[in-house]
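Participant: no sequence on this one, just coordinates:
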């Protein structure tokens, strides 16, 4: 447990990984507790199934973007004036890719689980198939074909419970869904392996520079926030101490001067914060990777 806490406190990237893991677990818990039931009504199966297949991934994606620590940092870094420090486009690109990749983890996993489960696909596309290719519904001449196809995902529908055509259509769509899911999983694993092991072989120097400046910008923001917090705490302590330690007579004579002195300080601090945003100071004469040969 101590190692987990230490890893969580080690930096922004570790926190992002933990948040990403929590969102992924939440998506799996939602899918596990949610029992998919197809409406089995002509014209409603496909919209409902596609909504279940695609709507939650959009929700998880935007939640992943909003809770990402890189979201605010990326927005501030992209929108700030350059001032004395040029923007590092490589770091911005790296932050954007890191934010996007973590936000896409839960949506991709949801879609893969739906494909491997097969129920949403059977519900969505059962009405699009030709029943004659699977034996047809010759035993049910009194029913419309569209109604029977819409009832294919419903196992509890007594009329088609033992129908071999219903079982064939359901089996075919589930096989197709699981095949696409397995191919997608293998493709993602292959792409991940290429991005993890192959691409760095051709851009090792660049990746190290980007990682370094990414760590530096994160540490700089932390130090700036800590300095602001420490300065404001000391200022508040001085104001409170001056108020409680002064006598009544002294307060009558000196409170105006003291209040003016200490009330101006927070305003000056806000000016410094604004200057920090508008004109970042150069990093001790160092240059960014974009300007290095």
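Facilitator: That came in fine, so what should we check first? Quick caveat: nothing in here was measured; it's all calculated off a predicted structure.
Participant: now do the helices in the stretch 101-250 of the chain.
Facilitator: Taking DSSP state H, counting those that start in this stretch to define them, one finds helices in the stretch 101-250 of the chain at 105-117, 119-125, 145-150, 164-193, 199-202, 204-245, 248-278.
Participant: where among these is average confidence lowest?
Facilitator: Sorting the helices of the stretch 101-250 of the chain by mean pLDDT places helix 248-278 lowest, at a mean of 59.
Participant: quick one on the thing from earlier: okay, the helices of the stretch 101-250 of the chain, which one's buried deepest?
Facilitator: Using mean count of other Cβ atoms under 10 Å, the stretch among the helices of the stretch 101-250 of the chain with the largest mean neighbour count is helix 119-125, at a mean of 23. From N, CA and C alone the C-beta is placed, and that goes for glycine too.
Participant: now do it: everything it contacts.
Facilitator: 36, 38, 45-46, 48-50, 52-53, 114-115, 152-153, 169-170, 173-174, 176-177 (Cβ atoms under 8 Å, 6 or more residues apart in numbering).
Participant: how about 6 Å then?
Facilitator: 36, 38, 45-46, 49-50, 52-53, 114, 153, 170, 173-174, 177 (Cβ atoms under 6 Å, 6 or more residues apart in numbering).
Participant: excluding its backbone neighbours, what's nearest residue 231?
Facilitator: Of all residues not flanking residue 231 in the chain, residue 269 sits nearest, at 6.6 Å (Cβ to Cβ, 6 or more residues apart in numbering).
Participant: re the thing from before, can you redo the contacts of helix 119-125 as CSV with distance to residue 227?
Facilitator: As requested, the contacts of helix 119-125 are exported to CSV (distance: Cβ to Cβ, whole Å):
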residue, distance to residue 227
36, 52
38, 58
45, 60
46, 57
49, 54
50, 51
52, 49
53, 49
114, 48
153, 61
170, 64
173, 61
174, 59
177, 55
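Participant: how close does the residue nearest to residue 231 get to residue 276?
Facilitator: Distance of residue 269 to residue 276, computed by Cβ to Cβ, to the nearest Å: 10 Å.
Participant: now do residue 112
Facilitator: Separation of residue 112 from residue 276 (Cβ to Cβ): 44 Å.
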